[in-house]
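Participant: take a look and give me a structure for this.
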Amino acid sequence: MTSFRQDILKRYGASGAVLDELLEYNSRVFNHDKLKMPVRFPLADEKFVPFWEIYAMDAERFGVINALRKRMVELNFPIMEGISKTPAYQKAIRRGVVSPGQTNSHPIPFDGDNNIRMFLHRTPAGRIPVIVTAKRSDFVMLVQALAYRNEPKKVPASMGACMVSGYNNWDRIKRMKNDFLKSNPTDHWPQKFTEIIPRKDLYQDKFIIMSSGNYSAAKSEHFGLSPEEWFEKSMLLRKEHEGAHYLTKRLFGSTHNNLTDEMIADYAGIAAAAGEFKAEWFFRFFGMENYPKFRKGGRLQNYRGNLSNKAFKIQRDLLHDAVLNLENFDRKYRGYFADPTIRTAFLLAMSSLTLEEMASKLSEKLLAEAFVRYKPMAA
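Facilitator: From the prediction side, this is the model:
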């Protein structure tokens, strides 16, 4: 299909180095050949979920931050430039040990537990923990602590949610150690630990951090909704968007910070919140509501990567046409997609195509063929 993609890109004006840039950026990132068939939704919960059930119960009694601070070592350190390189921080994340007085400063000053809640969200990929903040500042600090190793990395205003994957949960490791030592000598634990390390499912977690603000910093009047209605839809959009990322992560072992991933995830979120996929909503979120003009601050710029100016312009045009094709396909087959499980199968169909293929005039045919392959999963 490379020649097909090249032909499409040439029609959009790509050539030479620009053509190579786009072929690389839009390459197929999800390996569907590794997908073990058949798959039935929803998937069973992953091994970390029972532990977060305990955390959620503790959060109800003691508050979310108090419940998590004793399990997540990062929350005992401040957000500070260079802190991830300090000996105390390195010791904490490598051994799960936080020594009193060794955190360089006071822990993160969250606004208060009344503004933070936690729950387990059901997705086609199984349940996943969600931490929701009422205050934007708390969301930013949680992302910086748990995704950026307490470094003050800038969080874009248009970013309202973040899925953390591969988080080393030392609480789970300590529980395994305690269970092991009940029937084994202490000096046998190091050997047992080396056997556990390759089994990442035994100690690595996935969870979502969400803010309560408007989705993509868009205002309610842009959609003809009241602030209260848009708040509710924004929350649903975020949950379903991140749920789509979780789905591809579980099935293919990867999620990527690029436009194809975001288009799939926003399709899931918009379809759930609006009852159908609306291209105008998508374009508003990405700063493309006055296409071909681009509004600075829209999410499109978050996924530029290293694309040159010309490549980025062509990428914008590809995205525009792909989104319109998706809207037409969704409208045509909306009767099928009323079933959430059928819609999940369609997400997999989308993930099997490249942006060029979805932007092409053959988009409907390619999407339909892919959908036929994955529809049996919804049976």
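Participant: where does pLDDT dip in the stretch 201-350 of the chain?
Facilitator: Residue ranges of the stretch 201-350 of the chain with pLDDT under 70: none are present.
Participant: helices of that one, start to end?
Facilitator: With DSSP state H, counting those that start in this stretch, the ranges of helices along the stretch 201-350 of the chain come out as 227-252, 259-274, 279-285, 309-332, 334-337, 340-351.
Participant: now do the host helix or strand of residue 143: everything it contacts.
Facilitator: Remark: residue 143 resides in helix 136-146, with elements defined by DSSP states H and E. Residues from elsewhere that reach helix 136-146 (C-beta atoms under 8 Å, 6 or more residues apart in numbering): 72, 74-75, 77, 79, 108, 110-111, 115-116, 131, 133, 150-153, 155, 159-160, 162, 164, 167, 209-211, 213. C-beta: built from backbone N, CA, C; applies to glycine.
Participant: ok, now with 7 Å
Facilitator: Residues from elsewhere that reach helix 136-146 (C-beta atoms under 7 Å, 6 or more residues apart in numbering): 72, 74-75, 79, 108, 110-111, 115-116, 131, 133, 150-153, 155, 162, 164, 167, 209, 211, 213.
Participant: mind exporting that helix as PDB, just the C-alpha atoms?
Facilitator: These are the backbone C-alpha positions of helix 136-146, laid out as PDB (Å, rounded to 0.1, in the frame of the first residue of the first chain):
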ATOM      1  CA  ARG A 136      -6.700  23.000  36.600                       C
ATOM      2  CA  SER A 137      -3.700  23.600  38.700                       C
ATOM      3  CA  ASP A 138      -4.100  20.200  40.400                       C
ATOM      4  CA  PHE A 139      -4.500  18.500  37.000                       C
ATOM      5  CA  VAL A 140      -1.200  20.100  35.800                       C
ATOM      6  CA  MET A 141       0.700  19.100  38.900                       C
ATOM      7  CA  LEU A 142      -0.600  15.500  38.800                       C
ATOM      8  CA  VAL A 143       0.500  15.200  35.100                       C
ATOM      9  CA  GLN A 144       3.900  16.700  35.900                       C
ATOM     10  CA  ALA A 145       4.400  14.400  38.800                       C
ATOM     11  CA  LEU A 146       3.200  11.100  37.400                       C
END
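Participant: list the buried residues for it?
Facilitator: 136, 138, 139, 140, 141, 142, 143, 144, 145, 146 (16 or more other C-beta atoms under 10 Å).
Participant: from residue 56, how far off is the last one?
Facilitator: Between residue 146 and residue 56 the computed distance is 17 Å (C-beta to C-beta, to the nearest Å).
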